[in-house]
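here you go, sequence then predicted model.
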Amino acid sequence: MIRELRPGDLDAIARLFHETVRAINCRDYTPAQIAAWAAPELDADYFRTRLTGTRTVVAEDAGQVVGFANLTSEGLIDFLFVHAERQGEGIASRLLAPLEDIAATTDVDELWTNASITARSFFLARGFTEVAAQTVECRGEMFRNYRMSKRCEK
Ligand SMILES: CC(C)(COP(=O)(O)OP(=O)(O)OC[C@H]1O[C@@H](n2cnc3c(N)ncnc32)[C@H](O)[C@@H]1OP(=O)(O)O)[C@@H](O)C(=O)NCCC(=O)NCCS
């Protein structure tokens, strides 16, 4: 089931984020990068702040949060994370679809994201184009990621 964010989801979202970064993104980034990315201060309050004012969708299965994604008013897909044990089941695709639908009804012309190395293939498979490879700093570590975009269907 894909639904909108509820306040009670924030603990589960923070936990999922940390577990997925540590278990999945560790394939593409160093231990030091993973430690900086999944820093302990990224708790439920952090996610409340980051997700407030964005359109956030949650994938729920058997009462458990198994993924989440959000869209800002600028067309940015800021987060897209799927539970480490539920990869490759189509959950991210199901999270992206309603965000594309929302964007289509707004004045946003283009969806864009800063895709991790891990997520780059997913976004290519979903019709995004790579705009630029980037090196960005996060809590003292340098990260390779990819600016990717997709025209909104209106
Ligand atoms: C990227 C991510 C969200 C994809 O989630 P998912 O639920 O496994 O993806 P889906 O099953 O919906 O889609 C997979 C599609 O992308 C393709 N794909 C290619 N490489 C892929 C990859 N590394 N991971 C997932 N899908 C990939 C699959 O072939 C599939 O296409 P298809 O439907 O045409 O067969 C997930 O791997 C994840 O949580 N990664 C870690 C967090 C992350 O890096 N998030 C992005 C931050 S910018």
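Perfect, thanks for sending it. Residues are numbered from 1 along each chain as shown.

so where does Leu99 fall, helix or strand?
helix 91-104 (DSSP states H and E).

give the burial count for Ala97, as a bare number.
Counted with other CB atoms under 10 Å, the neighbours of Ala97 add up to 13. Bear in mind the C-beta positions are built from the backbone N, C-alpha and C, glycine included.

surely Gly75 touches Leu111?
Yes: counting by CB atoms under 8 Å, Leu111 is a contact partner of Gly75 at 5.2 Å.

assumed Ala12 was part of a strand.
No: per DSSP: H, G, I helix; E, B strand; the rest coil, Ala12 lies outside any strand segment and is helix.

number of residues surrounding it?
18.

ok, now which ones touch the residue lying closest to it once chain neighbours are set aside?
Spatially, and ignoring its direct neighbours in sequence, Ala12 is nearest to Val65 (4.0 Å; CB to CB, 6 or more residues apart in numbering). Contacts for Val65 were tallied using CB atoms under 8 Å, 6 or more residues apart in numbering; they are 9, 12-13, 16, 58-59, 83.

what's the answer for Tyr29, then?
Residues near Tyr29 by CB under 8 Å, 6+ apart: 37, 116-117, 143.

list the ones among the contacts of Val65 that fall in strands.
58-59 (DSSP state E).
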